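[1] all I have is the shape, not the residue letters:
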Ligand code: ATP
């Protein structure tokens, strides 16, 4: 099957721009699977993991929310933030998750709680992607299995 174009951009940069065969993304209403020649679509994204298949290889990326649009065999994601697996600083995501957990426990207003929960979802998505990367490329001195 022919590929489709996938562009993932934020206000700051182009995160990803390639021809791909499959995209799975976290829609606000549930997981979205997009194949080439998908019908036109405009929807919102939740924080989570995206999976892309290119030349038969799967890669994962983190997204914190935004919009996904499909028009004419091109998928554009306008993300609040997005990172490819090798861009994610795992220690930073761990400490963001820990800070957010503490804020959830001590939240004194609905707004504090909502912001802390959103921060937890962002950092959990980053950690998920970073940990997959680690499982896929074990350090040479510690072979898998
Ligand atoms: P932190 O508290 O660690 O800044 P955050 O969830 O508040 O995390 P965001 O506001 O979502 O961070 O992102 C700010 C910028 O930092 C974005 O450009 C995002 O891509 C980048 N970023 C955030 N966390 C990480 C991470 N763990 N690794 C790499 N880049 C990150």
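    Now that the structure is in, tell me what you want to look at. Because the structure is a prediction, the values reported are computed rather than measured.

[2] how much space between the closest residue to residue 3 other than its chain neighbours and the ligand?
    Setting aside the residues directly before and after it, residue 3 is nearest to residue 19 in space (CB to CB, 6 or more residues apart in numbering), at 4.0 Å. (C-beta placed from N, C-alpha, C; glycine too.) Applying CB to the nearest ligand atom, to the nearest Å, the value for residue 19 to the ligand is 24 Å.

[3] number of nearby residues for residue 19?
    Residue 19: 14 surrounding residues under other CB atoms under 10 Å.

[4] can you name the element that comes right after the helix or strand where it lies?
    Using DSSP states H and E, residue 19 falls within strand 14-20. Using DSSP H and E, the helix or strand that follows strand 14-20 in sequence is strand 22-27.

[5] before we move on, the earlier item: buried set for the strand holding residue 19?
    15, 16, 20 (16 or more other CB atoms under 10 Å).

[6] and the pLDDT at the first one?
    Meaning residue 15. We have a pLDDT of 98 for residue 15.

[7] dihedrals phi and psi, the residue nearest the centre of the chain?
    The chain has residue 62 as the residue nearest its centroid, 2.3 Å off, counting by CA atoms, centre = their mean. The phi and psi torsions at residue 62 (degrees, to the nearest 10) take the values phi -100, psi 140.
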